[in-house]
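[1] Pasting the sequence and the predicted model now:
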Amino acid sequence: MHRSKRQLPVIHAAAVLQSLPEGTIVTDANATVQFINNRAADIFAIDISSAIGKPFREVISHQEINKTIRGIVASGGEWCPPGIPETLNVTLNGQEQYFKIEVSPMIEEERLVGTVILLTDVTHYERADRLKTQFVATISHEFRNPLTSIVMAVELLLDGRQGELTQDGQALLQAIRDDGQRLAQLVNNLLKIARLDEVEIRMEMESVSVAEMVDMAIEPLKFQLKEKQITLSKKIPDSLPEVYVDATKATWILTNLVGNAIRYTPKGGEIIVSALHSNMKIYITVTDTGLGIPVRYHEKIFERYTQVKGNGTAGGAGLGLAIAKEIVEAHGGRIWVESEEKKGSCFTFTLPVNEKEV
C-alpha cells in the first residue's frame with residue numbers, strides 16, 4: 001500500500017518511539033493518550049488499542065504523573081515540572097523492578113501540543129543503593145559504641161581526673177577528642193541516612209515555639225562559638241506563630257545549619273538566625289559571614305556525599321544537608337541556599353505554621 005509523504009515522518013517517529021528501551025507515552029494538549037510503546041504497556045499492564053484516545057487519568061491512575069500533566073496543560077506548557085521524586089515500583093515477569101518517571105511538555109511554535117512521559121529502568125541502581133544502605137548501617141553500628149567510649153575517656157583525661165596534663169598533652173588530647181567527635185557525628189549521620197532509606201520518615205508532630213527551637217539547637221554549639229569568637233544573633237519576632245513540626249528533627253536541622261556556619265566562618269565572624277511568617281509558612285534563615293559557596297554547588301550540596309572543593313576547610317562527609325533536605329520535605333517544606341564565594345552564605349528552609357494560632 002502506498003504511503004503519502006506526510007504519513008512517512010509520522011510512521012518513522014512512531015517506530016523510533018516504539019524501539020526505545022524507556023517506557024514512552026505521548027498525550028495531546030488536552031492530556032488525551034496518543035501513543036504508548038510496548039514497554040510502557042508492560043509496565044502499567046494496559047492494552048494499547050483500548051487506551052489510545054482516552055484521557056490519561058482514565059488509563060493510568062498514578063497520582064503524581066496525573067498532577068504533573070494537569071500542571072503542564074493548565075499552564076499551556078509554560079510550567080517546567082521538576083522530576084517526580086518517587087520511583088515506580090512494579091512486578092514484571094515475577095521480578096520487582098523500579099522506574100524513574102519524567103514528564104515533559106511538547107512545544108511547537110510557542111504553544112503546547114502535548115506531553116511525553118518517560119519511564120527509565122533504574123532497578124540496578126535501586127538494588128545497589130539498598131545493599132549500600134544495609135552495609136553502611138551495619139558498619140556504623142559497629143563503630144558507634146567504641147567511638148563513644150574513646151571520646152568519653154578523652155573527656156575524663158582533659159578534666160584532669162587522672163592527673164595534671166602538660167600543655168602539649170592537653171593539645172594532643174583535644175585533637176583526639178575533636179577528631180573522635182567528628183567521626184561520631186559522621187556515624188550518626190550515616191545511621192540517619194540508613195533509617196531514612198529503610199522506611200518512610202516517622203513524624204511526631206507537635207506545636208513548638210521557633211524561639212524555643214532555636215535555643216535548643218544552639219545549646220550544644222556554644223563551646224564552638226566561644227572558641228572561634230563568633231557572634232550569634234537571633235532575630236525572632238515575638239508575634240511569630242508556633243510551627244507544627246517534629247520538634248526533634250526540626251531542631252536537628254537548625255543545629256546542622258548553625259554547625260556548618262561555625263565551621264566555615266572565620267574567627268571573629270558573625271552568624272544570624274532569623275525567622276518570618278508568610279503564607280502559612282515560617283521561613284527560618286541561617287546567615288553567616290563565612291567562605292561562601294560557588295553557584296555551581298547551590299543545588300548539589302543537598303545531594304548525598306557532596307562536598308564543596310577548594311574551600312580550605314575540613315568538612316564532613318556531605319550528609320548533613322542531604323538529611324536536612326529530606327526532613328524539610330517530609331514536613332512539606334523546602335530548603336535552599338543563597339551564596340557567593342567569600343561573601344558568606346544564607347540558608348533558608350520552610351516549616352508549616354500551627355494553623356490553630358493563625
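    Here it is on my side, so go on. All of these numbers come straight from a predicted model, not from anything done at the bench.
[2] my read is Ile117 is in a strand, agree?
    Yes - per DSSP: H, G, I helix; E, B strand; the rest coil, Ile117 lies within a strand segment.
[3] can you pull the buried residues of the longest helix seen in the chain?
    Counting residues, the longest helix in the chain under DSSP state H turns out to be helix 123-158. Across helix 123-158, burial judged by 16 or more other CB atoms under 10 Å covers 123, 126, 133, 136-137, 140, 147, 150-151, 154, 157-158. C-beta here means a position set from N, CA and C on the backbone, and glycine is covered the same way.
[4] which one is Ser104 nearest to, not counting chain neighbours?
    Closest residue to Ser104 apart from its sequence neighbours, by CB to CB, 6 or more residues apart in numbering: Val116 at 5.1 Å.
[5] Number of residues surrounding that neighbour?
    Using other CB atoms under 10 Å, Val116 has 15 neighbouring residues.
[6] check contacts around it.
    Val116 is in contact with 24-26, 103-104, 106, counting by CB atoms under 8 Å, 6 or more residues apart in numbering.
[7] Which positions are bridged to it in the beta structure?
    Beta-bridge pairing for Val116 (DSSP bridges): Val26, Ser104.
[8] Now do the strands in this structure.
    23-28, 33-36, 88-92, 95-108, 111-121, 205-208, 231-235, 243-246, 270-278, 281-288, 335-339, 345-352 (DSSP state E).
[9] The third one packs against which elements?
    Looking back up the chat, that one is strand 88-92. helix 38-44, strand 95-108 (3 or more CB pairs under 8 Å, 6 or more residues apart in numbering; DSSP states H and E).
[10] Deepest-packed of these, please.
    Mean neighbour count, computed with mean count of other CB atoms under 10 Å, is highest for helix 38-44 among the helices and strands packed on strand 88-92, reaching a mean of 18.
[11] And it, what does it pack against?
    Taking 3+ CB pairs under 8 Å, 6+ apart as contact, the helices and strands that helix 38-44 lies on are strand 23-28, helix 48-51, strand 88-92, strand 111-121.
[12] Check which residues of the third one are buried.
    Taking 16+ other CB under 10 Å as the basis for neighbour counts, the residues of strand 88-92 that come out buried are 88, 90.
[13] what angle sits between it and helix 123-158?
    Between strand 88-92 and helix 123-158, the angle comes out at 130 degrees (axes from the mean of the first three to the mean of the last three CA atoms, to 10 degrees).
[14] partners of strand 88-92 in the sheet?
    According to DSSP bridges, strand 88-92 has these partners: strand 95-108 (antiparallel).
[15] Return the distance of the partner strand from the chain's centre.
    On the basis of CA atoms, centre = their mean, to the nearest Å, strand 95-108 sits 20 Å off its chain's mean C-alpha point.
[16] list the contacts for Phe35?
    Contacts of Phe35 (CB under 8 Å, 6+ apart): 14, 17, 24-26, 52.
[17] 7 Å - rerun?
    Applying CB atoms under 7 Å, 6 or more residues apart in numbering to Phe35 gives the contacts 14, 17, 25-26.
[18] can you name the two of those residues that are farthest apart?
    Between any two of those, the greatest separation by CB to CB is 12.8 Å, found for Ala14 and Ile25.
[19] between the two, which one's more packed in?
    Ile25 (28 against 14).
[20] so what's the more buried one scoring on pLDDT?
    Confidence at Ile25, expressed as pLDDT, is 90.
[21] Spit out the contact partners of it.
    Residues near Ile25 by CB under 7 Å, 6+ apart: 33, 35-36, 40, 117.
[22] For Val286, which non-adjacent residue is spatially closest?
    Distances taken as CB to CB, 6+ apart place Leu257 nearest to Val286, at 4.3 Å, with adjacent residues excluded.
[23] Quickly note the distance from the one you found to Leu221.
    Distance, Leu257 to Leu221, by CB to CB, to the nearest Å: 11 Å.
[24] what does Leu17 give?
    Shown here: Leu17 relative to Leu221, a distance of 55 Å by CB to CB.
[25] same question, Asn93
    In terms of CB to CB, Asn93 sits 53 Å off from Leu221.
[26] go on, Thr289?
    Taking CB to CB, one finds Thr289 at 16 Å from Leu221.
[27] go on, Ala14?
    61 Å.
[28] that older thread, how about the helices and strands packed on helix 38-44, which one is nearest Ile176?
    Within the helices and strands packed on helix 38-44, the stretch nearest Ile176 is strand 88-92; the backing value is 45.9 Å (CB to CB).
[29] Low-confidence regions, the chain specifically.
    For the chain, applying pLDDT under 70 flags the ranges 1-12, 77-86, 186, 189, 193-201, 305, 309-318, 356-358.
[30] coming back round to it: in contact with the residue nearest to Val286, which residues?
    Here Leu257 is in contact with 286, 324, 347 (criterion: CB under 7 Å, 6+ apart).
[31] Using CSV, lay out these together with distance to Arg202 and neighbour count.
    Converted to CSV, the contacts of Leu257 look like this (distance: CB to CB, whole Å; neighbours: other CB atoms under 10 Å):
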residue, distance to Arg202, neighbour count
Val286, 26, 25
Ala324, 17, 23
Phe347, 25, 25
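[32] can I get the contacts of Ile25 in TSV with distance to Gln167?
    Shown next, in TSV, are the contacts of Ile25 (distance: CB to CB, whole Å):
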residue	distance to Gln167
Val33	77
Phe35	76
Ile36	75
Ala40	71
Ile117	67
